[in-house]
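J.: build me a model from this:
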Amino acid sequence: MTKYLIEKKVNLEYGHNFNRTAIYWCSFYREIEIMKVLIEAGANINSKTLTGKTALSRACDRGYTDIVECLLKTNKIDLYVVDKQGMTALHKAVWGSVRDRLKEDTMVDSNDAPECAQLLLEYGADPNFKDSSGDSPLNLACITFGIN
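T.: Presented below is the predicted three-dimensional model:
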């Protein structure tokens with residue numbers, strides 16, 4: 001169905017409900033095959049929701065290494081897109097594991113995501129990039145006893 005809609009010139013950048021685009025929803029629901037089709041069709045992989053989340057930050061937040069790797073391999077991903085808290089995808093990879101360790105209620109499964117963090121670092125993410133509170137990903141890990 002996705003390929004058919006693309007052939008019919010559907011708007012790949014339409015953002016439903018808080019500007020969540022199709023590429024974002026693929027990340028949210030871990031639909032990697034559909035994501036690949038959207039990427040091939042030219043979908044903006046760096047599009048942001050109203051709160052500043054991207055497909056990459058959502059995948060990192062949930063620990064979806066396959067989605068993270070797919071996005072990174074495009075060589076079009078912006079590692080420094082920030083959300084309303086000034087957090088990058090690397091912050092989210094660390095913070096996702098924070099929530100898991102603290103057992104916070106997040107409405108979604110929260111996964112320990114050291115593999116996502118490692119992938120981001122391998123692709124050049126800056127571990128010293130500070131969010132709006134002045135915290136780097138390393139600060140978040142140390143503050144919350146992140147051993148991994």
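J.: quick one: neighbours of residue 70, just the number.
T.: 22 (other C-beta atoms under 10 Å). Backbone N, C-alpha and C define where each C-beta goes, glycine included.
J.: tally of neighbours for residue 126?
T.: Counted with other C-beta under 10 Å, residues neighbouring residue 126 total 14.
J.: ok, it - contacts?
T.: For residue 126, the contacting residues are 79-80, 90, by C-beta atoms under 8 Å, 6 or more residues apart in numbering.
J.: low-scoring stretches of the protein, by residue?
T.: 96-112, 144-148 (pLDDT under 70).
J.: what about the helices in it?
T.: Assigned helices in the chain, in chain order: 2-7, 16-19, 22-29, 32-40, 55-62, 65-72, 89-102, 114-122, 137-143 (criterion: DSSP state H).
J.: and those helices, which is most packed in?
T.: helix 55-62 (a mean of 29; mean count of other C-beta atoms under 10 Å).
J.: what angle do helix 65-72 and that one make with each other?
T.: Orientation of helix 55-62 against helix 65-72 (axes from the mean of the first three to the mean of the last three C-alpha atoms, to 10 degrees) gives an angle of 160 degrees.
J.: contact partners of helix 55-62?
T.: Applying C-beta under 8 Å, 6+ apart, the external contacts of helix 55-62 come out as 23-24, 26-28, 30, 35, 45-47, 53, 67-68, 71-72, 77, 79, 81, 83, 87-90, 92-93, 95-96, 108-111, 113, 116-117, 120.
J.: re earlier: which one of the helices of the chain lies closest to residue 131?
T.: helix 89-102 (5.6 Å; C-beta to C-beta).
J.: so what's residue 46 up against?
T.: Neighbour list for residue 46: 54, 56, 76-78, 81 [criterion: C-beta under 8 Å, 6+ apart].
J.: now those residues: which count as buried?
T.: Buried by 16 or more other C-beta atoms under 10 Å: 54, 56, 77, 81, out of those.
J.: distance of the closest residue in space to residue 119 that isn't next to it in sequence from residue 121?
T.: By the measure of C-beta to C-beta, 6 or more residues apart in numbering, the closest residue to residue 119 outside its immediate chain neighbours is residue 68, 5.3 Å from it. Distance, residue 68 to residue 121, using C-beta to C-beta, to the nearest Å: 12 Å.
J.: good, we can wrap up now.
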